[in-house]
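> Below are the sequence and a predicted model; questions follow.
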Amino acid sequence: MTLAYVALGSNLGNPQQQLVEAMDALANLPDTRLLQRSQLYRTPPWGVLQQPSFVNAAVELDTGLSPHALLDALLTIEQRAGRVRAERNGPRTLDLDLLHVDGVRLDDARLTLPHPRMAERAFVLLPLHDIAPMLSLPGQVTVAEQLARLDLAGCERLAAP
C-alpha cells in the first residue's frame with residue numbers, strides 16, 4: 001500500500017455535490033482506502049478566465065493500485081461524472097488529478113509524478129495543505145512553505161456540504 005494524493009475540481013452542474021460523489025467513488029476503489037478529505041474551496045478559474053469559479057478539494061489515499069491503474073480509475077470516475085475534454089483549462093463537471101504517489105517519480109506519455117505544475121497553483125495547494133502540509137514538493141519545499149508564497153486572492157473555504 002502506498003500513499004497517493006489526488007486533487008479534485010468542478011465548476012459545472014453542482015460542483016460541491018460532484019466533489020462529494022467523486023470522493024465517495026475514490027473511497028470505493030479496489031485495494032484503496034480514503035484516509036483524509038480536505039475542506040472544499042471556491043477558487044477563481046485558471047487559464048480560461050471566462051468561466052464559473054471552481055470548487056476544489058484534495059484527498060489522501062492508501063492504495064495498492066499502481067500509478068497508471070489509479071490514473072485509469074480517476075479517468076473512469078471523471079467520465080461517469082460527464083467529463084468532456086473540449087478545451088484545455090476550460091469548464092468541467094469533474095477534474096481529478098493524480099498529484100503525488102509516495103516514492104514514485106515518473107515521466108511518460110500518460111503520467112508525470114509528482115504533478116509538474118501543482119506547486120504553482122493555489123487551487124491545488126490550498127486543499128492539499130489541509131491534509132498534507134508537510135508533503136515535500138519538487139525543489140525540497142513543503143506544501144505549507146509553497147502555499148505561503150502564492151496569491152490566494154479569490155480563494156475561500158466553503159462550509160461543509
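Thanks, I have the structure now.

> contacts and neighbour counts: CA atoms only from here.
Will do.

> Around the spatially closest residue to residue 152 that is not a sequence neighbour, count how many other residues there are.
With C-alpha to C-alpha, 6 or more residues apart in numbering as the criterion, residue 152 has its nearest non-adjacent residue at 6.3 Å, and that residue is residue 122. For residue 122, the count of nearby residues is 22 (other C-alpha atoms under 10 Å).

> Does residue 122 touch residue 149 like I think?
No: in this structure, residue 122 is not within contact of residue 149 by C-alpha atoms under 8 Å, at 9.5 Å.

> And the strands in the chain, which stretches?
2-10, 32-37, 41-43, 54-63, 95-101, 106-107, 112-113, 136-137, 141-142, 156-157 (DSSP state E).

> quick one: average pLDDT of the third one?
So the one you mean is strand 41-43. Per-residue pLDDT over strand 41-43 has a mean of 97.

> repeat for the first one
Across strand 2-10, the average pLDDT comes to 97.

> So which bits of that strand are buried?
Buried residues in strand 2-10, counted by 16 or more other C-alpha atoms under 10 Å: 3, 4, 5, 6, 7, 8, 9, 10.

> what about the closest residue to the first one other than its chain neighbours, how many residues close to it?
Take residue 3 and drop its neighbours on the chain: the residue closest to it by C-alpha to C-alpha, 6+ apart is residue 62, 4.6 Å away. Under the neighbour criterion other C-alpha under 10 Å, residue 62 is assigned a count of 19.
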